[in-house]
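[1] Sequence and predicted structure, then a few things I'm wondering about:
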Amino acid sequence: MRKYLLIGVSAFVLGAGTMAYVSPIAQATNATKGETYKMLELFGDVLQTVDTQYVSEVDNKKLIEAALDGMLTSLDPHSGYLSPDSFEDMNDTTHGEYGGLGIEVTSEDGVVKVISPMDGTPAARAGIQAGDYITAVNGQSVLGLTVNEAVKQMRGAAGEGVTLTIARDKTDPFDVKLVREVIKPKAAIARMEGDYGYVRLPGFTEKSTDALSASITDLKAKNPKMKGLILDLRNNPGGLLDQARAVADLFLDGGEVVSQRGRDKRDIQRLNATPGDLLNGLPMVVLINQGSASAAEIVAGALQDRHRAELVGITSFGKGSVQTVIPLRGGADGAVKLTTARYFTPSGRSIQKTGIEPDLEVAQTKDQAQDIANRVWFSEASFKNALNADEGKTRQGVHTPAEAPPPGFDEKKGDFQLERGLAVLKAGSVEAVPKLPKPQAKIAEVTAKAAAAAAGKGPAVEKK
């Protein structure tokens, strides 16, 4: 049985027949196969050489697993080999309960990088941020390890302490001490914000749709005059595709949610919503940020394209590819996690690398506004071997965001993106909401002076 994360179900069966005539195409295919067999023989020769001549004894099983993972990760950042233990860990994660610290991570040039911390977990409480690098676990470097190897070091028995060494932009490396817990991410968090409902969805596990539906139903029952809803998908790293479709289905009265397209452009699979809108047309705003990825982007893109909700926040992560998890020998030999398709919003937009851009761009803090204006934000586009967007689009570069907290706003106590989302609901639309003055992020000045300095036409500028 296959387990799917953003599932791409595209089976291609090649039939081989006996022919008296060998065409040039067949000859070319045979030549290619011959080269493949030659390289497999080379792999065996290298493995034997390492086994007999390396300075110390080696574990051939680990060597081969590392080779399999290296082969797959060379394709793109999200393909890989899962050992039997890693495959079991993945199953625990998608079921919504596992032991660890509560961090969604990836690998970039042999360094473990945080996509987002999960709500209510040790990592979130310790202040781990999206974009942080994890360079060591308990004083032991994780540089050069695969994501699976690094995650294995971070997981352990609940109650045990673990120290992560964090490298963060503009700061010296520092240690963060955490205590492992049995991670039980809350499937949904709901409350009222005045006359408007607020529901946060931290991820897309097997429990997400049911929990979200129950939360909204409860809010409506207790607040029959509820005027609208904020759906918070910030720092939501994604998860299961069937849950993304089902979550969007709660708010869409039929029609397309997402399509996925594999190697053959004619092979398009469309996932649709069923009739019925849980909110009966009440207005919606969806909050997104750079930690909104994968399934979260499917939902945000669908609701935006179908004009069911307006988006507030900053551009999402841009993970628009479909991974099929294929167990090997029923999982006894682990599994292959393979990118098999890209996914597209109902209007045909590929999210890959470009992300979902909000209808109202709002930086959460003044520092974030300055960062957006002066450096390329960590995203799917940061990976050297990331798949390109299918239609050839590129992600928006450095720029001054439309809005940021004004002077006097308490960034520690307040949630500026949420406040602006509520303002959109009250005004009726992004177009109608009174706009704030553009933040004083100095992208144009810094870029112009730096370029002039590099060309020898002016003094160098030191950014502080």
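    On my side now, so go ahead.

[2] contacts and neighbour counts: CA atoms only from here.
    Noted.

[3] Run through the strands of the stretch 1-150 of the chain in chain order.
    3-5, 80-82, 98-100, 103-108, 111-117, 133-137, 140-141 (DSSP state E, counting those that start in this stretch).

[4] Kindly reformat those strands as JSON lines containing mean neighbour count, distance to residue 342 and mean pLDDT.
    Listed next are the strands of the stretch 1-150 of the chain as JSON lines, based on neighbours: other Cα atoms under 10 Å; distance: least, Cα to Cα, whole Å; pLDDT from 0 to 100:
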{"stretch": "strand 3-5", "mean neighbour count": "20", "distance to residue 342": "13", "mean pLDDT": "45"}
{"stretch": "strand 80-82", "mean neighbour count": "25", "distance to residue 342": "17", "mean pLDDT": "92"}
{"stretch": "strand 98-100", "mean neighbour count": "22", "distance to residue 342": "29", "mean pLDDT": "71"}
{"stretch": "strand 103-108", "mean neighbour count": "21", "distance to residue 342": "19", "mean pLDDT": "77"}
{"stretch": "strand 111-117", "mean neighbour count": "24", "distance to residue 342": "20", "mean pLDDT": "84"}
{"stretch": "strand 133-137", "mean neighbour count": "22", "distance to residue 342": "27", "mean pLDDT": "93"}
{"stretch": "strand 140-141", "mean neighbour count": "14", "distance to residue 342": "34", "mean pLDDT": "92"}
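
[5] Take those and write them to CSV, including distance to residue 233.
    Shown next, in CSV, are the strands of the stretch 1-150 of the chain (distance: least, Cα to Cα, whole Å):
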stretch, distance to residue 233
strand 3-5, 18
strand 80-82, 27
strand 98-100, 22
strand 103-108, 15
strand 111-117, 12
strand 133-137, 23
strand 140-141, 32
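
[6] what's near enough to touch the nearest residue to residue 358 once chain neighbours are set aside?
    The shortest distance from residue 358 to any residue other than its chain neighbours is 4.7 Å, reached at residue 311 (Cα to Cα, 6 or more residues apart in numbering). Residue 311 makes contacts with 285-288, 300, 304, 357-360, as judged by Cα atoms under 8 Å, 6 or more residues apart in numbering.

[7] how about TSV for those, with neighbour count added?
    As requested, these are exported to TSV (neighbours: other Cα atoms under 10 Å):
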residue	neighbour count
285	29
286	27
287	27
288	30
300	31
304	22
357	24
358	21
359	19
360	24
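
[8] Go through the residues you listed and flag which are in helices.
    300, 304 (DSSP state H).

[9] quick one: which of the contacts of residue 311 is nearest residue 384?
    When these are compared for distance to residue 384 (Cα to Cα), residue 357 wins out at 21.9 Å.

[10] Can you list phi and psi of residue 176 for me?
    phi -120, psi 120 (degrees, to the nearest 10).

[11] is it true that it touches residue 161?
    No - applying Cα atoms under 8 Å, one finds residue 176 not in contact with residue 161, separated by 10.5 Å.

[12] Wait, a helix at residue 424?
    Yes - Residue 424 forms part of a helix when assessed by DSSP: H, G, I helix; E, B strand; the rest coil.

[13] for it, what are its contacts?
    285, 430, 432-433.

[14] Contacts for the strand of greatest length in the chain, please.
    As assigned by DSSP state E, the longest strand anywhere in the chain is strand 335-344. Contact with strand 335-344 is made by 8, 10, 72, 76, 78-84, 87, 258-263, 298, 320-328, 350-352, 390, as judged by Cα under 8 Å, 6+ apart.

[15] helix or strand right after the host helix or strand of residue 311?
    Taking DSSP states H and E as the criterion, residue 311 maps to strand 310-313. Going down the chain from strand 310-313, the next helix or strand is strand 321-327, by DSSP H and E.

[16] strand partners of that following strand, parallel vs antiparallel please.
    According to DSSP bridges, strand 321-327 forms sheet pairs with strand 3-5 (antiparallel), strand 335-344 (antiparallel).

[17] Excluding residues flanking it in the chain, which one is nearest residue 191?
    residue 198 (5.4 Å).

[18] So in terms of bridging, what pairs with that neighbour?
    Counting by DSSP bridges, the residues bridging with residue 198 are residue 191, residue 230.

[19] who's in contact with it?
    190-192, 229-232.

[20] try it again with 7 Å
    Applying Cα atoms under 7 Å, 6 or more residues apart in numbering to residue 198 gives the contacts 190-192, 229-231.

[21] out of those residues, who's nearest residue 57?
    residue 231 (54.5 Å).

[22] Can you get me a residue count around the closest one?
    Taking other Cα atoms under 10 Å as the criterion, the count of residues near residue 231 is 22.

[23] pLDDT score assigned to the nearest residue to it once chain neighbours are set aside?
    For residue 231, ignoring the flanking residues on the chain, the nearest one in space by Cα to Cα, 6+ apart is residue 286 at 4.7 Å. Per-residue confidence (pLDDT) for residue 286: 98.

[24] Kindly report the same for residue 331.
    On the pLDDT scale, residue 331 gets 89.

[25] picking up where we left off before, sort out for me which of the contacts of residue 424 are in strands.
    Judged by DSSP E, the contacts of residue 424 include residue 285 as members of strands.

[26] Now the two most distant members of the contacts of residue 424.
    285 and 432 (13.8 Å).

[27] doesn't residue 298 make contact with residue 304?
    No - with contact defined as Cα atoms under 7 Å, residue 304 does not count as touching residue 298 (9.9 Å).

[28] of the contacts of strand 335-344, buried ones?
    8, 10, 72, 76, 78-84, 87, 258-262, 298, 320-328, 350-352, 390 (16 or more other Cα atoms under 10 Å).

[29] sorry, back to before: surely the residue nearest to residue 231 and residue 314 touch.
    No - using Cα under 7 Å as the test, residue 286 is too far from residue 314 to be in contact (11.2 Å).

[30] which residues are common contacts for those two?
    Between them, residue 286 and residue 314 share no contacting residue, judged by Cα under 7 Å, 6+ apart.

[31] Below-threshold pLDDT in the stretch 301-450 of the chain: ranges please.
    441-450 (pLDDT under 70).

[32] And the stretch 1-150 of the chain, by the same measure?
    By pLDDT under 70, the low-scoring segments of the stretch 1-150 of the chain are 1-31, 92-99, 108-109.

[33] What are the boundaries of the helices in it?
    Per DSSP state H, counting those that start in this stretch, the stretch 1-150 of the chain carries helices over the ranges 24-53, 60-73, 84-95, 122-125, 147-154.

[34] what's the most buried one of the strands paired with strand 321-327?
    Greatest average neighbour count among those goes to strand 335-344 (a mean of 24), per mean count of other Cα atoms under 10 Å.
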